[in-house]
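Chemist: Sequence plus predicted model, see below.
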Amino acid sequence: KGQYGLQPDDQTALEWYARAAEENDPEAQFKLGVYHQYGRGVEADAFMASEWYMAAAEQGHAEAQFALGLCYAKGVGVHKNHELACVWYSRAAHQ
């Protein structure tokens, strides 16, 4: 059982995160990035993961900024770019 006695359900969670993300909720956008990166409730898609990380990162979400830095450092869903990786790592670190 998951939190609050509920069974974990990635598909339902994905649907709720998508609703909140469309309303520009940065935590939901970050979570959608994670779900897309690791294929939870949806087929893994590195490009979509990086897009959702970017949406959250631009709103100041530190975990998303760090995740986006990793994407740029490793070329996951984006073209590898160490300069941009450093930019996003720095933004995450200064929070």
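Modeler: Sure, I can see it. What you are looking at is a predicted structure, and each value in this text was computed from that prediction instead of being measured.

Chemist: What separation do you get for the most centrally placed residue in the chain and residue 12?
Modeler: For the chain, the residue nearest the mean C-alpha position is residue 33 (2.8 Å; C-alpha atoms, centre = their mean). As for residue 33, its distance to residue 12 is 18 Å (criterion: C-beta to C-beta, to the nearest Å). Glycine gets a C-beta too; all of them are placed from N, C-alpha and C.

Chemist: again with residue 29
Modeler: Residue 29 is 18 Å from residue 12, by C-beta to C-beta.

Chemist: Between these two, which has more neighbouring residues?
Modeler: Between residue 29 and residue 12, residue 29 has the larger neighbour count (other C-beta atoms under 10 Å), namely 26 against 12.

Chemist: The more buried one: what's it in contact with?
Modeler: 21, 52-53, 55-56, 59, 61, 64 (C-beta atoms under 8 Å, 6 or more residues apart in numbering).

Chemist: In helices, which of those fall?
Modeler: 21, 52-53, 55-56, 64 (DSSP state H).

Chemist: So which of those residues is surrounded by the most neighbours?
Modeler: Neighbour tally across the ones in helices among the contacts of residue 29 (other C-beta under 10 Å): the maximum, 32 neighbours, falls on residue 53.

Chemist: where does the chain have low pLDDT?
Modeler: For the chain, applying pLDDT under 70 flags the ranges 1-2.

Chemist: Can you dump the C-alpha atoms of stretch 72-89 in CSV for me?
Modeler: Output of stretch 72-89 as CSV, limited to C-alpha atoms (Å, rounded to 0.1, in the frame of the first residue of the first chain):
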residue,chain,number,x,y,z
TYR,A,72,22.5,18.6,-20.8
ALA,A,73,25.6,17.1,-19.3
LYS,A,74,24.7,13.6,-20.6
GLY,A,75,22.7,14.6,-23.8
VAL,A,76,19.5,13.0,-22.5
GLY,A,77,16.6,14.3,-24.6
VAL,A,78,18.7,17.4,-25.6
HIS,A,79,21.9,17.9,-27.4
LYS,A,80,24.9,17.5,-25.0
ASN,A,81,25.9,21.0,-23.9
HIS,A,82,28.3,21.3,-20.9
GLU,A,83,27.9,25.1,-20.7
LEU,A,84,24.1,24.8,-20.3
ALA,A,85,24.6,22.0,-17.9
CYS,A,86,26.7,24.3,-15.7
VAL,A,87,24.1,27.1,-16.0
TRP,A,88,21.3,24.8,-14.7
TYR,A,89,23.5,23.3,-12.0
